[in-house]
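Student: what shape does this take:
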Amino acid sequence: MRLSFSRAVVIMATTAIGMLAADNSIGTWKRNTEKTKYNPTPQNPYKTQTMVREAVDGGVKVTSKGERMDGTPADSTYTAKYDGKAVPVTGSGTQFDTLSINQIDANTFTSETKKTSGKYHTTGRIVISKDGTTMTNTSKGTDADGKPISFTIMYDKQ
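Tutor: Numbering: from 1, shown residues only. This is a model prediction of the structure:
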């Protein structure tokens, strides 16, 4: 009985530590447009973008402000738990209106974005560098016309 109780305590402690994992994506990030790559090219839609990531219970609140190459604003906000469930993305200038995210560890996340009334759909991996200074979002999927796309978006920590 004692051994079973000890094992249960160890399992619960390990699970709790995993649930309370650090999140090294928290902070302010600026898109590095020179290092960002799109396929097919040219497709870099942003002239500037700054993203603020704030910790919330079990997830993240993201507020993004920027300007597209044509001068129109691209501002969006979402709050997502790290449970993989889709949440709405509000704002203007984005190609998607729902997003889901899972946390793998303190530096790694997976994501999925969709346009609910369209063909845009991507899946990706977000990785924070070991030194915490860069964030890389590598994604692939289909654009609004249903054609294959892939991109690597680089951000620098501010």
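Student: grab the nearest non-local neighbour of Thr113.
Tutor: Distances taken as CB to CB, 6 or more residues apart in numbering put Phe96 closest to Thr113, at 3.9 Å, once the chain neighbours are dropped. The way it works is simple: take the backbone N, C-alpha and C, and place the C-beta from them, glycine included.
Student: how about Thr133?
Tutor: According to CB to CB, 6+ apart, the nearest residue to Thr133 is Lys157 (5.0 Å).
Student: ends of stretch 59-79, what's the gap?
Tutor: Chord length of stretch 59-79, first to last residue, is 7 Å (CA to CA, to the nearest Å).
Student: thinking again about what came up before, partners of the residue nearest to Thr133 in the sheet?
Tutor: Trp29 (DSSP bridges).
Student: can you check Ser76 too?
Tutor: Ser64, Gly91.
Student: residues in contact with it?
Tutor: Ser76 makes contact with 62-64, 89-94 under the criterion CB atoms under 8 Å, 6 or more residues apart in numbering.
Student: got the end-to-end distance for stretch 74-87?
Tutor: 18 Å.
Student: and it, how far from the chain's centre?
Tutor: Stretch 74-87 has its C-alpha centroid displaced from the chain centroid by 8 Å (CA atoms, centre = their mean, to the nearest Å).
Student: ok, the nearest residue to Lys115 once chain neighbours are set aside to Thr90 distance?
Tutor: Take Lys115 and drop its neighbours on the chain: the residue closest to it by CB to CB, 6+ apart is Phe96, 5.2 Å away. Phe96 sits 11 Å away from Thr90, going by CB to CB, to the nearest Å.
Student: tell me what Thr142 is bridged to.
Tutor: His121, Pro148.
Student: for it, the count of nearby residues, please.
Tutor: 16 (other CB atoms under 10 Å).
Student: tell me who's in contact with Val60.
Tutor: So Val60 contacts 23, 25-26, 53-54, 79-80, 82, 101 (CB under 8 Å, 6+ apart).
Student: again, 6 Å this time
Tutor: Arg53 (CB atoms under 6 Å, 6 or more residues apart in numbering).
Student: quickly list what it is bridged to.
Tutor: Counting by DSSP bridges, the residues bridging with Val60 are Ala55, Ala80.
Student: ok, Thr123 touching Ser111?
Tutor: No: under the criterion of CB atoms under 6 Å, Thr123 makes no contact with Ser111, lying 7.2 Å away.
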